[in-house]
Each structure stands twice: as C-alpha cells, then as structure tokens.
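> The following block contains a protein sequence and its predicted model.
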Amino acid sequence: QVQLVESGGGLVQPGGSLKLSCAASGRTFGSVAMGWFRQDPGKERTFVVVISASGGTTYYIDSVKGRFTISRDNAKNTMYLQMNSLKSEDTGIYYCAASRYSGTLKSREISAYNYWGQGTQVTVSS
C-alpha cells in the first residue's frame, strides 16, 4: 500500500514558477516509477511527466519540455515537479501517482498507475 500527498500548488502569474512535492508512505517508493498528471475541469486526467524508480530516466510531454523538471529523493520518499515559465494552459489539478513498473517506457499511460494522491490545484493567471 502506498499513500501519496501532494503539496505546493497555488496561484501564480504567467511566467512564474511553482514547485510541487509528492510525499509517499510505504516501502515500495524507491522501486517504482512515479508520474505527474494534470486534470482540467470537465476533462480527462492526462499524463505530464514520469521519472523512473532510480531517478535516472525521465519522460516529458512536449508542451512542458524545457520548462518543467521532475526529480525524486528516494531517501526522503518524495518526488518533486519544478515548474518554470508557467503558462495559462498549465492550469489544472496536478496529481502524483505511483506506477506498477520501475521504468518510464511502460509508465506513460494512466493505466500503469495504481496509487494516486488527492491532487493540488495550480492556477496560472494574471
């Protein structure tokens, strides 16, 4: 069993930055890939970025490449998402999730994830 708790969301102006955190409980954190997803009101939850269990491999969707950075600290059971140069289209509820797999290749689909946090709201607006 893994419990995930996100924090760090908020309201920020376009061009600003936020850093999200995802704190995990459970002994399996360091053995599974972790991902961030975004959900807009009335829309499906969509994949944003994933990091492998070791932290050595990452995969981003094109729209956030160069602006977002995912990282993890397995000693602290915590994952992070540094979001820079934020745009209005980045607005949404961000969820962290634990994959069934250790690598990123199989962890790019929502079906790969079996544990979810409660979400944190990110609003980019002037």
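On my side now, so go ahead.

> all strands of the protein, in order?
Taking DSSP state E as the criterion, the chain carries its strands at 3-7, 10-12, 18-25, 34-39, 45-51, 58-60, 68-73, 78-83, 92-99, 113-116, 120-124.

> Let me know which of those is the nearest to Leu105.
Using Cβ to Cβ as the measure, strand 58-60 is the one of those that comes nearest Leu105, at 8.1 Å. The way it works is simple: take the backbone N, C-alpha and C, and place the C-beta from them, glycine included.

> what lines up beside the closest one in the sheet?
strand 45-51 (antiparallel) (DSSP bridges).

> contacts for the strand it pairs with?
33-39, 57-61, 64, 68, 70-72, 79, 81, 94-95, 99, 104, 107-110 (Cβ atoms under 8 Å, 6 or more residues apart in numbering).

> ok, 7 Å please
Taking contacts as Cβ atoms under 7 Å, 6 or more residues apart in numbering, the residues outside strand 45-51 that touch it are 33-39, 58-61, 64, 68, 70, 72, 79, 81, 95, 104, 107-108, 110.
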